[in-house]
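Novice: Here's my sequence, what's the structure:
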Amino acid sequence: MMHFAILDDHPLVVEGLLSLFRDDQTIRPAWGVTTVADCQERLLREPVNVLLLDIHLDGADGLQYCREWVQRFPNLRILMLTSYTETALVRTALQHGASGYLLKNAGYDELKAGILAASRGERYLPMRLQEQLLAEVLGQRPARPTSYLPVLTPREQEVLKLIVAEITTQEIADRLFVTPKTVETHRTNLLQKLGARNTAGLVKVALEKGLV
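Specialist: Presented below is the predicted three-dimensional model:
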């Protein structure tokens, strides 16, 4: 029996998924929680094969915890579970180590297919998102800006404001009393969180989202 778990800050979503798979003979929900703290504690105490992880958590960024937990728990596979369909988020999730991406309006069969694929070490994306990604690669559809607002650390916010102000890496390092390498690490994290490809794109997205 393959066991999975759920982290979503909406109790109704957690209860709904637990109930949906309660009688399944192939996969079984081990537990579901609504906070990051509870999830970390349960992962240590009751390991599972797959975790369904919401992207937008109350006061937390699911994408960042995805990156942290796939490193901390090597046997854990994570599927992002969200209502956001923007491909920038899909790419970021995969870059952060997610095994796939599921939409909250998915039916039983698709949810099960995604969970089973992740448990086998495979990647899973709904056909709709596969088609969107392919269209972008072929230049048939421009990437849509995402309405998602990532959670930035105070230092990331500082670095972002200085980047938008066209301050150089060395000048940012001098102002914040850190090394240029540290500044570049923050820049890389910001690019991933905001789904931007380069610094110009980062500035554009930051301004569009009102982050500076």
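
Novice: check contacts around the nearest residue to Asn198 once chain neighbours are set aside.
Specialist: Nearest non-adjacent residue to Asn198, counting by CB to CB, 6 or more residues apart in numbering: Leu191, 7.5 Å away. No exception for glycine: its C-beta is placed from N, CA and C like everyone else's. By CB atoms under 8 Å, 6 or more residues apart in numbering, the contact set of Leu191 is 197-199, 201-202.

Novice: and what of Tyr101?
Specialist: When contacts are counted by CB under 8 Å, 6+ apart, Tyr101 touches 79-80, 82, 89-90, 93-94, 124-126, 129.

Novice: farthest pair in those residues?
Specialist: Leu89 and Tyr124 (15.3 Å; CB to CB).

Novice: Tell me if I'm right that Lys204 and Asn198 touch.
Specialist: No: if you go by CB atoms under 8 Å, Lys204 and Asn198 don't touch, sitting 9.8 Å apart.

Novice: Restricted to strands, list the contacts of Tyr101.
Specialist: 79-80, 82 (DSSP state E).

Novice: name the element Glu41 belongs to?
Specialist: According to DSSP states H and E, Glu41 maps onto helix 36-45.

Novice: Counting neighbours, which bits of that helix end up buried?
Specialist: 36, 39-40, 42-43 (16 or more other CB atoms under 10 Å).

Novice: The residue nearest to Asn198 - that's part of a strand, no?
Specialist: No: counting by DSSP: H, G, I helix; E, B strand; the rest coil, Leu191 is not part of a strand but helix.

Novice: before we move on, back to that, Lys204 and Asn198: which is more packed in?
Specialist: Lys204 (15 against 9; other CB atoms under 10 Å).

Novice: Find the nearest non-adjacent residue to the more buried one, please.
Specialist: Ala196 (7.4 Å).

Novice: in what helix or strand does the one you found lie?
Specialist: Using DSSP H and E, Ala196 falls outside every helix and strand.
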